[in-house]
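1. give me coordinates for this.
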Amino acid sequence: DDSKGTVHTDLWSMDLRSKIWSKVRRAGIPPTPRCGFSTTVHKRRNLVVFGGVFDQYDKHDLTSTFYNDVYVFRMDQRRWFPLVLRGPGKKG
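-> Residues are numbered from 1 along each chain as shown. Predicted coordinates for the structure are as follows:
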């Protein structure tokens, strides 16, 4: 059914000089399949992925798993790492 989304787990990189895309080999501990996540680049070497959702369809039901986690893809190492956040810092 086209109304049900497909979640992909692949990551692609583009060489800006040659304008050629290449699939990045999965290494390290990658995030679980998801969509609807947020992403940013930190210090020109870390791709940071936060949250997202994974929808699983049954005959008549939809079960959604929402994520509140952070993963980092180190572009220089080409490896995934889960990022463990600490509690709130000390106040002033």
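2. ok, the residue sitting nearest the centre point of the chain to Met75 distance?
-> In the chain, the residue lying closest to the centroid (CA atoms, centre = their mean) is Val49, at 4.5 Å. Per CB to CB, to the nearest Å, Val49 is found 13 Å from Met75. Glycine gets a C-beta too; all of them are placed from N, C-alpha and C.
3. same check, this time on Ile20
-> As judged by CB to CB, Ile20 and Met75 stand 17 Å apart.
4. Val53 bridge partners, please.
-> Counting by DSSP bridges, Val53 is bridged to Cys35, Phe66.
5. got a pLDDT number for it?
-> pLDDT, Val53: 90.
6. my guess is it contacts Pro33. True?
-> No. Counting by CB atoms under 8 Å, Val53 does not reach Pro33; the two are 10.3 Å apart.
7. could you point out where the chain is predicted with low confidence?
-> Applying pLDDT under 70 to the chain picks out residues 1-5, 89, 92.
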